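Peer 1: Could you work out the structure for the sequence below:
(one chain, ligands or ions: 1)
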Amino acid sequence: MPSRKIADLVKPPTIEEVGLYINDEFIRAPVEFTILQTARANGIDIPTLCYHRDLPSEGHCRLCMVEIGEPPRTRLVNSCTYPVEANLKVQTHSEKVLQARRMVLELLMAQAPAAELIRDLAAQHGVYETRFHIEDPEERCILCGLCVRTCAEIVGVSAISMINRTPEKQVATPFKEASEACIGCGSCAFICPTNVIPYTEKDGIRTIWGRDFELQACTVCGNYIEPKAQLEHWAEITGDPVETFFVCRDCR
Ligand code: SF4
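Peer 2: The predicted model follows:
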């Protein structure tokens with residue numbers, strides 16, 4: 001009885017799939033997959049910071065670089081944006097890849113020296129200090145843009161954006177003032193990989209981006225649900241009366 005792996009090798013790819021090699025192993029993947037999606041679906045770890053499966057990939061952080069091609073003609077590409085191709089040869093942990101990742105981590109350490117996640121990731125790659133200039137030793141934002149994209153593309157309100165140019169580049173509300181567009185949903189803080197967006201909840205008030213949001217209490221159990229502004233946003237999107245959202249998930 002052939003093992004499943006051998007059977008997989010023998011079976012030709014279907015029309016909707018392509019066959020490629022990751023770390024010398026033959027793998028089939030849907031044609032619409034990227035290298036990163038394929039690797040992860042097959043238990044191959046590639047580190048990422050700016051990737052999220054619910055958002056289009058933009059390849060900002062470059063930590064997910066992999067080596068494609070065959071020696072001596074290989075090159076580094078972002079695995080989160082590079083689509084799979086028939087017979088593509090991919091190395092996820094070659095010396096070239098690890099060297100590039102160490103460089104990216106050094107740059108990130110200079111950008112956000114106070115970010116614990118970056119220090120941990122760097123240490124895992126044998127990087128303990130950076131040769132690059134540190135502008136602010138307290139900085140934790142890596143400027144990955146996940147928060148901005150989440151607010152715009154998932155929440156749909158675009159309350160924050162990247163402002164200024166390097167080295168003053170940062171995420172902020174318009175004119176750095178409390179944004180009228182923000183609904184206080186907290187998605188930006190939740191998705192931030194380095195946990196840098198201040199977010200507090202106390203006595204029925206959520207504070208984020210310099211604005212206080214009154215939380216709606218569940219009309220059945222009394223537990224706080226979400227900010228009233230967020231529920232009004234949901235009501236606007238769905239066309240349902242806002243009261244529809246005044247009962248928490250547990251009491252529905
Ligand atoms: S809390 Fe405000 S800025 Fe953050 S995702 Fe929600 S709406 Fe956007």
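Peer 1: helix/strand/coil for residue 231?
Peer 2: Under the three-state scheme (DSSP: H, G, I helix; E, B strand; the rest coil), residue 231 adopts helix.
Peer 1: My read is that it contacts residue 245, right?
Peer 2: Yes - with contact defined as CB atoms under 8 Å, residue 231 counts as touching residue 245 (4.3 Å). Using the backbone N, CA and C atoms, a C-beta is placed for each residue, glycine as well.
Peer 1: Could you name every residue contacting both of these two?
Peer 2: Counting by CB atoms under 8 Å, 6 or more residues apart in numbering, the contacts common to residue 231 and residue 245 are 216, 225.
Peer 1: Quick check: closest non-adjacent residue to residue 110.
Peer 2: residue 132 (3.6 Å; CB to CB, 6 or more residues apart in numbering).
Peer 1: List the contacts of that neighbour.
Peer 2: Counted by CB under 8 Å, 6+ apart, residue 132 has contacts 106-107, 109-110.
Peer 1: And residue 225, by the same measure?
Peer 2: Residue 225 neighbours (CB under 8 Å, 6+ apart): 215-218, 231, 245-246, 248.
Peer 1: Could you list the contact residues of the stretch 151-252 of the chain toward the ligand?
Peer 2: By CB under 6 Å from any ligand atom, the residues of the stretch 151-252 of the chain that approach the ligand are 151, 155, 157, 159-160, 182-188, 208-209.
Peer 1: Tell me the secondary structure of the residue nearest to residue 110, please.
Peer 2: Of the three states, residue 132 takes coil according to three-state DSSP.
Peer 1: roughly how far apart are it and residue 106?
Peer 2: Distance of residue 132 to residue 106, computed by CB to CB, to the nearest Å: 6 Å.
Peer 1: Wait, a helix at residue 189?
Peer 2: Yes - according to three-state DSSP, residue 189 belongs to a helix.
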